[in-house]
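Q: Requesting a structural model of the entry that follows:
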Amino acid sequence: MALLRQLPGWIYLVMGFAFIFLPVGILVLFSFTSSSIPLPPFKGPSLQWYERLFSNERLVEALINSVIVASLSSLVATTLGFLAAYSIARNPSRWDGAMRYAVMAPITVSYLIIGMGLLISFHVMGVPKSLWAVGAGHVVINLPLCFGIVLAALGEHQRNIERAAHDLGASDFQALWLITVPILRPSLFAAFCLSFTLSWDEFIIAFLLTRFDVTLPVMLFEMLRSGQNPELNAAGSVVFGISMSVVLIAILFTISRRKPLTLPRR
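A: Here you go, the predicted structure:
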């Protein structure tokens, strides 16, 4: 009877996963086809489209651009989010609600509106379209997420450990760098990975703020305009594989056994 009661839930779970991952599975499957058209019946397997993908200089350059932009923007967003969360958590005031809303506000705004606003603002300031502009835009959209993750991890027990470090002679910077940051390392790494994943496959802001040097999603959009082909499937499979790898690394790092915290010797 217990199994029968759980059966509808399991069916719903399987259907949900099938709805999410079946299109991705088909995309990956037909990236290995030997046919020039990614349609049934499947012919293969073959790695020719991956060979063409990595021999395409523009695609490889766009891939490298995406990795660089995602890495740097995620590092900046995580750092700024940590500093903002730490400041609000450790220096409470009556304006905390307003400051939290100000930091979290971009998460409620469409990427299209943010991209158009950044495009106009950069034009007024004389900043040209470039990957640097895209990185700044990705910091704007990812900062609220990093802020929320770190703020949720900042609890009273960290404050007590910081006070103990101060009692032992640690300066504010030493307590922050040697005590708080190691304690929050799983949360900081999770925030970085989430930011990297969102930046890695973001299209709208990257499309609006680039001209010649583009990221991989923009390059894939240009390829889609010329029609569907297995090389595009291979590129999409690479994007999916890297995203899943980052998420898997974050999960493994988060659930791994944490090392006991030891205070530095004086």
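
Q: contacting residues for the nearest residue to V214 once chain neighbours are set aside?
A: Nearest in space to V214, with sequence neighbours left out and distances taken as C-beta to C-beta, 6 or more residues apart in numbering, is A62 at 5.6 Å. Yep, even glycine has a C-beta here, placed from its N, CA and C like the rest. When contacts are counted by C-beta atoms under 8 Å, 6 or more residues apart in numbering, A62 touches 214-216, 218-219.

Q: from those, which would you call buried?
A: 214-216, 218-219 (16 or more other C-beta atoms under 10 Å).

Q: quick one on the thing from earlier: which of the contacts of A62 lies closest to F147?
A: Of all the contacts of A62, the one with the least separation from F147 (C-beta to C-beta) is T215, at 24.0 Å.

Q: Now the phi/psi pair for the closest one, please.
A: phi -90, psi 170 (degrees, to the nearest 10).

Q: Helices along the stretch 151-266 of the chain, start to end?
A: Ranges of helices in the stretch 151-266 of the chain, per DSSP state H, counting those that start in this stretch, are 156-167, 172-175, 181-183, 185-200, 204-209, 216-225, 230-255.

Q: Take those helices and write them to CSV, including distance to I107 and mean pLDDT.
A: Converted to CSV, these look like this (distance: least, C-beta to C-beta, whole Å; pLDDT from 0 to 100):
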stretch, distance to I107, mean pLDDT
helix 156-167, 25, 74
helix 172-175, 30, 78
helix 181-183, 24, 83
helix 185-200, 11, 88
helix 204-209, 14, 91
helix 216-225, 20, 83
helix 230-255, 19, 79
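
Q: Out of those helices, which gets nearest to V14?
A: Checking these against V14 by C-beta to C-beta gives helix 230-255 as the closest, at 19.5 Å.

Q: The closest one vs helix 216-225, what angle?
A: Relative orientation of helix 230-255 and helix 216-225, computed by axes from the mean of the first three to the mean of the last three C-alpha atoms, to 10 degrees: 150 degrees.

Q: Go through helix 230-255 and flag the buried ones.
A: When burial is assessed from 16+ other C-beta under 10 Å, helix 230-255 yields the following buried residues: 230-240, 242-243, 246, 250.

Q: Low-confidence bits of this structure, can you list those?
A: Within the chain, the stretches with pLDDT under 70 are 1-4, 38-39, 42, 44, 227-228, 254, 256-266.

Q: for the longest helix along it, which positions count as buried?
A: Scanning the chain for the helix with the most residues, using DSSP state H, yields helix 57-90. Residues of helix 57-90 classed as buried under the neighbour-count rule (16+ other C-beta under 10 Å) are 59, 62-63, 65-67, 69-74, 76-82, 84-86, 88-89.

Q: right, and the helix or strand after that helix?
A: Next helix or strand after helix 57-90 toward the C-terminus (DSSP states H and E): helix 96-104.

Q: Check the offset of that next one from the chain's centre.
A: In this view, helix 96-104 has its centroid 22 Å away from the chain centroid, taken as C-alpha atoms, centre = their mean, to the nearest Å.

Q: Does the helix or strand just after it pack against any helices or strands, and if so which?
A: Secondary structure here is assigned by DSSP H and E; on that basis, the next helix or strand after helix 96-104 toward the C-terminus is helix 111-125. Under the contact criterion of 3 or more C-beta pairs under 8 Å, 6 or more residues apart in numbering; DSSP states H and E, the helices and strands touching helix 111-125 comprise helix 131-153, helix 204-209.

Q: Which elements pack onto whichever helix or strand Q6 is part of?
A: With secondary structure defined by DSSP H and E, Q6 is part of helix 2-29. In this structure, helix 2-29 makes packing contacts with helix 230-255, judged by 3+ C-beta pairs under 8 Å, 6+ apart.

Q: the inter-axis angle of the helix it packs on versus helix 2-29?
A: Using the same axes, to 10 degrees: helix 230-255 against helix 2-29 is 130 degrees.

Q: Counting by contacts, list what helix 230-255 packs against.
A: With contacts defined as 3+ C-beta pairs under 8 Å, 6+ apart, the packing partners of helix 230-255 are helix 2-29, helix 48-55, helix 185-200, helix 216-225.

Q: if I look at the spatially closest residue to S31 that is not a sequence neighbour, how far off is L80?
A: Sequence neighbours aside, N233 is the residue nearest to S31 in space, at 3.8 Å (criterion: C-beta to C-beta, 6+ apart). For N233, the distance to L80 (C-beta to C-beta, to the nearest Å) stands at 37 Å.
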